[in-house]
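A.B. asks: Could you look at this predicted model? Sequence included:
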Amino acid sequence: MCSFICGSIRAQPKTFESICGKEKSAIVWKEKMENDIILLTTTSQSSETHHYRFSPSLTTLSWQLTDPAKQTNLTISLYNSIYYFKGTLNHQPCNKTVKSKGYPWYQNIAYSAGQLLINKKNLKYECFRPDNLELYVMQAERKKDSVLFNNQRAQEVKVRLTGILSHFWSCLYYFNTTNHQFIGYKGVNGAPGTPETIIKSK
């Protein structure tokens, strides 16, 4: 997988449009390779920026969240099954540890699921919910191998919570059927009554 991923790293930024009700915004992904580590930075029109470090197998090594408006600059790193928090969150110091639940860490499943599900039907993984930084076990399942999304042939992947929470939330990701890269998303990111968010590559 390493050689395939390394060869597919894009030099040019990739832009997505996010639509939620009447609100529209742009999301930009910038990728580069550094000593076999994949570096991904995602930015939006808000002040929030995410910096990810991925291993060649696409597991997350670290995740940095910065938001000057909220006085947040927090990095989470995984080492020996322990997550280490270091930095500030909403202007408050945040230095603690959290034990892994024993699953691979894919903090940005949009980046990795298209590749990870080429030869398997589903996978379980863990990630932190960005708004409260709670660690959850998630499941990604390949639902349809060829659907039409944003005028492209796409693989549809359903992501949901696990256990008793599995009935409360799920969303759909879409990946190009040829190169397995992320091209879209549909899901509700908020309380009941919140409009559906749709993300499309531009």
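C.D. replies: Happy to help now that I have it.

A.B. asks: how distant is stretch 40-55 from the center of its chain?
C.D. replies: Distance of stretch 40-55 from the chain centroid (C-alpha atoms, centre = their mean, to the nearest Å) equals 10 Å.

A.B. asks: Please enumerate residues in contact with that stretch?
C.D. replies: 18, 25-31, 37-39, 60-70, 107-108, 111-112 (C-beta atoms under 8 Å, 6 or more residues apart in numbering). C-betas here are computed from N, CA, C, even on glycine.

A.B. asks: can you do 6 Å?
C.D. replies: 25-31, 37-38, 61-69, 108 (C-beta atoms under 6 Å, 6 or more residues apart in numbering).

A.B. asks: how many other residues sit next to the closest residue to residue 176 other than its chain neighbours?
C.D. replies: In space, residue 176 comes closest to residue 183 once its chain neighbours are excluded; the distance is 5.3 Å by C-beta to C-beta, 6 or more residues apart in numbering. Applying other C-beta atoms under 10 Å, we find 24 residues neighbouring residue 183.

A.B. asks: Next up, phi/psi of residue 183, please.
C.D. replies: phi -130, psi -10 (degrees, to the nearest 10).

A.B. asks: ok, it touching residue 202?
C.D. replies: No. Using C-beta atoms under 6 Å, residue 183 is not in contact with residue 202; the gap is 10.1 Å.
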